[in-house]
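A.B. asks: With the input below, show me the fold.
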Amino acid sequence: MRDEYKLMLGAWVVVSAWVGFVIAMNRKVHPKVLFFLFMVELWERFSYYGMRALLVLYLTAQIVDGVKSGFGMPDTMAYGIYAAYGALVYLTPLLGGYLADKILGFRKAIIWGAILMAAGQFTLSTSTGRELLLYLGLGLLVLGNGFFKPNISSMIGRFYKQGDPRRDGAFTIFYMGINIGAFLTPLTCGTIGQLEGWSYGFLCAGIGMVLGLGIFLYTAYKGYLEHHGDPPPAKPAVADANLPESEPPVPPANAAEQPIGGIRAEYFVYLGTFLLVPLACLLIWQNDIMDFLLIIVGVAAIAYMLYLSSEYETVDRQRIWVIVVLLLFTAVFWTFFELAGSALNLFTDRNVDKSLFGFHFTTSAFQSVNAFFIMLFAPLFSVMWIYLARRNMEPPAPVKFAIGLLLLGAGFLVLNLGKGAAVAGIMPAIFLILLYLLHTLGELALSPVGLSLVTKLAPAQVVGFMMGFWFLSSAFAHQAGKWISNLTAVDEKTAASPEQTMQLSLSVFNNVGLFAIGSAVVLLMLSPLLRKWMHGIK
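C.D. replies: Numbering: from 1, shown residues only. You can find the predicted model right below:
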């Protein structure tokens, strides 16, 4: 058996045992539905990260006969598609969450999203040599993600009342499902896709999504969702003056059944989804449009947030200013971090020795390293912050953000050590592992803190609005990352040697690392002012 498959099977055995242990230890503490939704999210993330690990490699792979044929796209074209796809993944949940709240409810939205994502993966599995199917598959995926991603997380919260001490533990378990899926899929879909053929990798991701859908349908069938996934109530029926008083209008059972333009509301949503598919495909194909779209949205969002702050008293106004400032630094962090799926992915393919500890790894397998380190270090970070807080030593949020940026920058600069150990333009894999370790520690210092901080700083009336724009920073980051990745692109008209591609990539990564560290220094300098504006919030 090949090393890659030994590693894949070993990971599945270990993770299966760990999942069983977690469920056994918590089954008497949490409602049964948590563990079903945990498995649903695990399989959905398995599907998402399976596609993410393969996409850029698939697009740039040479055109050959058979299932191992890619599209032979130039690096810049592949980076543009990846960026637009990633940006839309973070934009569409705004629409999907709104439609679930107003019409579908969580259950119907999640089912619809899972169906669309499975269809997207299966479409990608048949897309070899067919660009139309490639864009159709990606379009289905981003729309499906929009219905699925925001609503399954929101549903978890409905099973715990505010102040319930089990609430944080439930989201920790759920977050573990996300990272287990992200860990397993590059080792599974990525390995199968690279060794057996790209179609089989996407097919594997699609099967994972179908398994997740099946578990969710079973959960709903058994009644474990209770009423929490139901559509919202319908608006009160308006009496028709032409009807006799003895025949009052019969109100629809819920908002999903309420007619819109003569069409049942949920069917209106499903139909509208299909009408949006061509738009999603167009934005991914002509991805430069996303640059202008996100610039307009970003400038408008910041301008509106600043205008909104003027409507509040000094304390709330200055707290909104803190959100705006940290939003800019967050966008810098994720712009560089998300190079993992684009420029760093091709760097791994072209300039990293993929043999480690006596095993040979596929390029896509390295996409699992971040999730592995998150599972390893997230509990330690949680304990560390509590330990420091009890001793009044916990750093304020802006300093945590700066630490995250410092670690991110250091990760990119570590590759210079690998350059010194490289042979013929191929560096040892341990230096890439070290990069991902530092990036993961930076993520743990910044990401959870940011989400919590927005809920604390934003005025109660606009928390949802502020959270939506906080997530938009990831959309901006994916699209901005395209331009950085393009600087590492190899001229498709010349056959560049590994030494040349390494030199080109490292020159860009060095600038990225220095910019991240410089941003951290600026944020540290601003930290006293931001702490003052936070008015006691930590």
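
A.B. asks: okay, CA-based contacts and neighbour counts for the rest of this
C.D. replies: Will do.

A.B. asks: Could you pull out the helices in the stretch 251-400 of the chain for me?
C.D. replies: 265-285, 288-309, 314-337, 343-351, 369-390, 397-420 (DSSP state H, counting those that start in this stretch).

A.B. asks: and the fourth one, average pLDDT?
C.D. replies: Here helix 343-351 scores 94 as its mean pLDDT.

A.B. asks: quick one: low-confidence parts of the stretch 401-538 of the chain?
C.D. replies: 451, 464-465, 492-495 (pLDDT under 70).

A.B. asks: where along it do the strands fall?
C.D. replies: 427-428 (DSSP state E, counting those that start in this stretch).

A.B. asks: can you list the domains in this structure?
C.D. replies: 32-236+253-286, 333-538 (automatic domain parsing).

A.B. asks: My guess is residue 32 contacts residue 225. True?
C.D. replies: No. Shown here, residue 32 and residue 225 do not form a contact pair, counting by CA atoms under 8 Å, at 9.7 Å.

A.B. asks: out of the two, which sits in the busier spot?
C.D. replies: Comparing residue 32 with residue 225 by other CA atoms under 10 Å, the one with more neighbours is residue 225, at 23 against 15.

A.B. asks: just to revisit the earlier point, which of the domains of the chain sits closest to residue 15?
C.D. replies: Evaluated with CA to CA, the domains of the chain place domain 32-236+253-286 nearest to residue 15, the distance being 7.4 Å.

A.B. asks: Please state the offset of that closest one from the chain centre?
C.D. replies: 11 Å (CA atoms, centre = their mean, to the nearest Å).

A.B. asks: One more: stretch 313-333?
C.D. replies: Worked out by CA atoms, centre = their mean, stretch 313-333 lies 22 Å from the chain centre.

A.B. asks: Residues touching that stretch, excluding its own?
C.D. replies: With contact meaning CA atoms under 8 Å, 6 or more residues apart in numbering, stretch 313-333 is reached by 302, 305-306, 309-311, 398, 401, 404-405, 408, 454, 457-459, 470, 473-474, 476-477, 516, 519, 523, 530, 533-535.

A.B. asks: which stretches of the stretch 251-400 of the chain have low pLDDT?
C.D. replies: 251-253.

A.B. asks: likewise the stretch 101-250 of the chain?
C.D. replies: In the stretch 101-250 of the chain, residues with pLDDT under 70: 162-163, 168, 236-250.

A.B. asks: which residues in it form helices?
C.D. replies: 105-125, 131-158, 167-185, 191-196, 198-221.

A.B. asks: want to try JSON lines for the ones you listed, with distance to residue 373 and mean neighbour count as columns?
C.D. replies: Formatted as JSON lines, these follow (distance: least, CA to CA, whole Å; neighbours: other CA atoms under 10 Å):
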{"stretch": "helix 105-125", "distance to residue 373": "27", "mean neighbour count": "25"}
{"stretch": "helix 131-158", "distance to residue 373": "22", "mean neighbour count": "23"}
{"stretch": "helix 167-185", "distance to residue 373": "9", "mean neighbour count": "22"}
{"stretch": "helix 191-196", "distance to residue 373": "20", "mean neighbour count": "22"}
{"stretch": "helix 198-221", "distance to residue 373": "22", "mean neighbour count": "23"}
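
A.B. asks: returning to what we had before: dump the domains of the chain into TSV; add distance to residue 6 as well.
C.D. replies: Formatted as TSV, those follow (distance: least, CA to CA, whole Å):
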stretch	distance to residue 6
domain 32-236+253-286	10
domain 333-538	9
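
A.B. asks: Okay, angle between the host helix or strand of residue 12 and helix 167-185 too, please.
C.D. replies: For residue 12, the host element (DSSP states H and E) is helix 3-26. Relative orientation of helix 3-26 versus helix 167-185 (axes from the mean of the first three to the mean of the last three CA atoms, to 10 degrees): 160 degrees.

A.B. asks: gap between helix 3-26 and the chain center?
C.D. replies: Using CA atoms, centre = their mean, the offset of helix 3-26 from its chain centre is 23 Å.

A.B. asks: Mind listing residues that contact that helix?
C.D. replies: With contact meaning CA under 8 Å, 6+ apart, helix 3-26 is reached by 35, 180, 184, 187-188, 191, 359-362.

A.B. asks: Scan those and report the most crowded one.
C.D. replies: residue 187 (29 neighbours).

A.B. asks: Setting aside sequence neighbours, what's the nearest residue to that residue?
C.D. replies: residue 365 (4.9 Å; CA to CA, 6 or more residues apart in numbering).

A.B. asks: Pull the contacting residues for that neighbour.
C.D. replies: 53, 186-187, 190-191.

A.B. asks: With distance to residue 512 added, can I get the residues you listed in JSON lines?
C.D. replies: Formatted as JSON lines, the contacts of residue 365 follow (distance: CA to CA, whole Å):
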{"residue": "53", "distance to residue 512": "22"}
{"residue": "186", "distance to residue 512": "25"}
{"residue": "187", "distance to residue 512": "28"}
{"residue": "190", "distance to residue 512": "27"}
{"residue": "191", "distance to residue 512": "29"}
